[in-house]
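In: make a model of this:
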Amino acid sequence: MSPFCALVDWGTSSFRLWLVDEAGTVLSERRSEEGMLAAGPDSFAAILEAHLAALKAPADLPVVACGMVGARQGWVEAPYADTPASVAAIAAKACHVPGHPRPVYILPGVAQRLGEAPDVMRGEETQLLGLPERSQTQIVCLPGTHSKWVVLGDGHIERFATFVTGDLFAAASGHTILKHSVADPAAPFDPDRFRAAFLAGLERPAEFTNRLFAIRAGGLLGVGDSGDGGAALSGLLVGLEFAGARSRFGGIDRMTLVASGPLLEVYRLAAEAAEMAVEPEDAEHAVKAGLLACSREILS
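Out: Residues are numbered from 1 along each chain as shown. Next up is the predicted model:
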């Protein structure tokens, strides 16, 4: 079966490529850790072609890519599409890579140009465009190093907010006094400690920095929040994120959760504690569907 195109999700630290037919069936795939940081400014073309050669892809097969490959530090900068953004609007702003022997298109990110709430995303927009269409406006959460909460309506990315939850966890656990309390970031996850800390962060966000220090104090005194503090730190930060999303978008009683692996379970637990209904969607399936939808727009 002949491939229709190659779909590429090229992030900061990872590379994923799928050869698909016109129906979107995956014919073959490649994965590596050759993300933007590993690629360097002059090796994007070589990395892409090495993976395509390994799959024996035709020399003229078009490629449609999303993610940090289109950032200012990436292969070619793909300027942002503005909110509200649809599949057609994002596909229309795809950037053609000049001078490459095969057609390569890089999708833009999305910009929210609001003076009081400027924001950007790059890569997540493709996952959003790959979600099943729903008749009503929905709140979508895409957890990660930079978690996104998005208002999605009638196939358009209307507005969104980014929360640097993962960055804060890394900074607090590695570069503050809490590094002595998060003894083993890979320790078994403690759902009870996570839930208690999450509710504290959600319901009393003004006490956030005090609650952070309580993780340290509890360990020293053997009272309250004692033991390995990884679950408690994660719970406080995710609770603060949920509190911020509620503050920005109003009461949220249902959300679409685009995630996979451990993050899916962590955020599902958080949503349950916050009494939010969850409609889970697999992150990898969503990005492939979004890339395919944009590819059909670009290559038609």
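In: contacts for stretch 257-271, please.
Out: Here stretch 257-271 makes contact (C-beta atoms under 8 Å, 6 or more residues apart in numbering) with 127-128, 131, 140-144, 189, 191, 194-195, 198, 234-235, 238-239, 242, 255, 277-284, 286. Every residue, glycine included, has its C-beta placed from N, CA and C.
In: in the helix or strand encompassing residue 237, what's buried?
Out: Using DSSP states H and E, residue 237 sits in helix 230-249. For helix 230-249, a neighbour-count test (16 or more other C-beta atoms under 10 Å) marks 230-246, 249 as buried.
In: same question, stretch 26-35
Out: 30, 34-35.
In: export those to CSV and tack on distance to residue 220 and secondary structure?
Out: Below are the buried residues of stretch 26-35 laid out as CSV (distance: C-beta to C-beta, whole Å; DSSP: H, G, I helix; E, B strand; the rest coil):
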residue, distance to residue 220, secondary structure
30, 49, strand
34, 43, coil
35, 39, coil
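In: hang on, residue 240 packs against residue 206?
Out: No - applying C-beta atoms under 8 Å as the test, residue 240 and residue 206 come out as separate, 10.4 Å apart.
In: how long is stretch 141-160 end to end?
Out: For stretch 141-160, the first-to-last residue distance is 10 Å (C-alpha to C-alpha, to the nearest Å).
In: for stretch 181-189, what is the average pLDDT?
Out: Taken as a whole, stretch 181-189 has a mean pLDDT of 72.
In: and for stretch 25-36?
Out: Here the average pLDDT along stretch 25-36 is 96.
In: convert the C-alpha atoms of it to CSV, please.
Out: Provided in CSV are the C-alpha atoms of stretch 25-36 (Å, rounded to 0.1, in the frame of the first residue of the first chain):
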residue,chain,number,x,y,z
THR,A,25,-3.8,4.0,8.5
VAL,A,26,-0.3,3.9,10.0
LEU,A,27,1.9,1.8,7.6
SER,A,28,5.1,2.2,9.6
GLU,A,29,6.7,4.5,12.2
ARG,A,30,9.9,5.7,13.8
ARG,A,31,10.7,7.1,17.2
SER,A,32,13.8,8.7,18.8
GLU,A,33,15.0,11.2,21.3
GLU,A,34,16.3,13.5,18.5
GLY,A,35,14.1,16.4,19.6
MET,A,36,14.9,20.1,18.8
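In: so how far is that stretch off the chain centroid?
Out: Counting by C-alpha atoms, centre = their mean, to the nearest Å, stretch 25-36 is centred 17 Å from the centre of its parent chain.
In: can you list contacts of it?
Out: Contacts for stretch 25-36 (C-beta under 8 Å, 6+ apart): 1, 3, 10-21, 47, 51, 54-55, 67-69, 71, 73-74, 288.
In: and stretch 11-22, by the same measure?
Out: Contacts of stretch 11-22 (C-beta under 8 Å, 6+ apart): 1-10, 26-38, 47-48, 51-52, 55, 57, 61, 67-68, 123, 284, 288, 292.
In: which SS state does the closest residue to residue 166 other than its chain neighbours fall under?
Out: Of all residues not flanking residue 166 in the chain, residue 145 sits nearest, at 3.4 Å (C-beta to C-beta, 6 or more residues apart in numbering). The three-state label given to residue 145 by DSSP: H, G, I helix; E, B strand; the rest coil is coil.
In: ok so, going back, residue 166: which of the buried residues of stretch 26-35 is nearest?
Out: residue 35 (15.4 Å; C-beta to C-beta).
In: please flag which of the contacts of stretch 257-271 sit within strands.
Out: Among those, the ones falling in strands (DSSP state E) are 140-142, 255, 277-282.
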